[in-house]
Structures are given as structure tokens and as C-alpha cells.
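S.K.: dropping the sequence and predicted coords here.
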Amino acid sequence: MKKGLSIISAIIAIIAFVGSMNITFVTNGYSTVPKYVAIFTLWILPIIGLILGFIGKKKFFKYVGIYGNSLTLLITLVYPLVMSFFWNEP
């Protein structure tokens, strides 16, 4: 059971990472993706993946899930914050 949770966490990490790269970097803020889909992909999925990663069995997939979901949250939370501080022109 715990091994399945860590595999699901790794799959969520891959889906969230690919989705965040598409929504955040490729479109440069002009995305046609609805906001509720973007919020689900960028924040809610990685949080669920982190929880499942911490519960899962200590194997390779657990670490992929934890690090992948953490990286996705870092990119989707820190990147827009830094961009708003440094490139905010009146």
C-alpha cells in the first residue's frame, strides 16, 4: 500500500512539473488555461503529492515525489514573486 502511494506521488510530481513548465514559462503569463485548472496543477497537485510522498515507503519513488513536488512548488511560488519584485514597471 505504501509503495503505491510513493509511485502515485512520483506520477503527480511529473504531471505537475510538466504542467508548471507549460503554464509558467512557455506562455509568459498569457495562457489560455483557465485559472482554476492552473491553480490545481500548480499548487494543489504538488501539495497532495508531497503528502503522499511523506506517507509512502522509503524507496526511489518517494524521493522523486518529494523532490519533484517541492521543486514544482518552489518554481510556481518563488518565480512569480521574484518576477513581480524585479520587473514591475509602472
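M.R.: That came through fine.

S.K.: now do the residue nearest the centre of the chain against residue 6, distance only.
M.R.: The C-alpha lying nearest the average C-alpha coordinate of the chain belongs to residue 72 (Cα atoms, centre = their mean; 3.3 Å). With distances defined as Cβ to Cβ, to the nearest Å, the gap from residue 72 to residue 6 amounts to 17 Å. C-beta coordinates here come from the backbone N, C-alpha and C atoms, glycine included.

S.K.: again, but for residue 67
M.R.: 12 Å.

S.K.: repeat that for residue 35.
M.R.: Using Cβ to Cβ, which is the criterion applied here, residue 35 is 30 Å from residue 6.

S.K.: so those two - more neighbours on which side?
M.R.: More neighbours sit around residue 6 than around the other of residue 35 and residue 6, counting by other Cβ atoms under 10 Å; the figures are 24 against 8.

S.K.: need the helix or strand of the protein with the lowest average pLDDT.
M.R.: With mean pLDDT, DSSP states H and E as the measure, the helix or strand of the chain carrying the lowest mean pLDDT is helix 35-39 (a mean of 75).

S.K.: any idea how far that one is from the middle of the chain?
M.R.: Its chain's C-alpha centre and that of helix 35-39 lie 12 Å apart, by Cα atoms, centre = their mean, to the nearest Å.

S.K.: how about residue 32, secondary structure?
M.R.: Secondary structure, DSSP: H, G, I helix; E, B strand; the rest coil: residue 32 is coil.

S.K.: check contacts around the nearest residue to residue 52 once chain neighbours are set aside.
M.R.: Distances taken as Cβ to Cβ, 6 or more residues apart in numbering put residue 9 closest to residue 52, at 4.0 Å, once the chain neighbours are dropped. Residues touching residue 9, when contacts are defined by Cβ atoms under 8 Å, 6 or more residues apart in numbering, comprise 49, 50, 52, 53, 56, 61, 62, 64, 65, 66, 69.
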